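# Sequence plus predicted model, see below.
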Amino acid sequence: MSHMDLMAGPPPTHLPEDPAAAGLVAGDSPIDAVRRNPASPFAWAALAQEARDGGADDVTVYAYARVGYHRSLDSLRRNGWKGHGPVPWEHEPNRGFLRCLAILALSARAIGETPEWERCSEFLRDSSPTAYDELLG
């Protein structure tokens with residue numbers, strides 16, 4: 001007779017391969033990737049990062065990251081996520097979501113949105129301590 005571990009948390013969520021990832025790795029521009037795959041967290045993360053690296057206004061970076069974050073939540077829910085639990089960095093398709101969340105946190109801090117910075121950085125740490133260390137640590 002097996003017993004269920006009532007103290008165990010939810011299982012890790014593993015997103016499917018992101019349709020924009022291969023194109024971005026091959027050199028597609030983030031804006032073209034978003035146009036072809038508007039639901040892609042990976043594409044929105046790349047667009048937000050490109051804007052940030054290019055010196056775009058922090059509000060623009062925040063907006064791109066927020067769209068990617070919400071698209072990520074849609075994808076997570078479609079793949080069994082119940083609003084909490086691990087989303088491992090080690091699973092490559094999860095990185096679009098985790099990168100959007102990190103950029104959202106950083107851009108929230110940059111525009112003075114301290115509660116959002118705290119919520120997003122804590123959410124990132126709870127989802128994947130490795131991603132937190134990689135992206136914010």
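Nice, thanks for sending it over.
# Tell me the pLDDT of the residue nearest to the spatial centre of the chain.
The chain has Phe97 as the residue nearest its centroid, 2.0 Å off, counting by CA atoms, centre = their mean. Looking at Phe97, its pLDDT reads 98.
# Can you verify my assumption that it contacts Trp89?
No. The pair Phe97 / Trp89 is not scored as a contact, 10.0 Å apart, by CB atoms under 8 Å. All C-beta spots, glycine's among them, are computed from the backbone N, C-alpha and C.
# Can you name the residues that contact Ser107?
Contacts for Ser107 (CB atoms under 8 Å, 6 or more residues apart in numbering) come out as 48, 52, 58-59, 61-62, 65.
# for the record, mean pLDDT for the longest helix along the chain?
In the chain, assigned by DSSP state H, the helix with the most residues is helix 58-78. Averaging pLDDT along helix 58-78 yields 97.
# Can you give me the buried ones in it?
For helix 58-78, the neighbour count (16 or more other CB atoms under 10 Å) marks 58, 61-69, 71-73, 75-76 as buried.
# Can you pull the poorly scored residue ranges out of the chain?
For the chain, the stretches flagged by pLDDT under 70 are 1-7.
# And the helices in it?
21-25, 30-36, 41-53, 58-78, 95-110, 114-127, 129-135.
# give me every residue that touches Arg109.
Taking CB under 8 Å, 6+ apart as the test, what Arg109 contacts is Trp117.
# go again using 10 Å as the cut-off
Arg109 is in contact with 58, 62, 116-118, 120-121, 136, counting by CB atoms under 10 Å, 6 or more residues apart in numbering.
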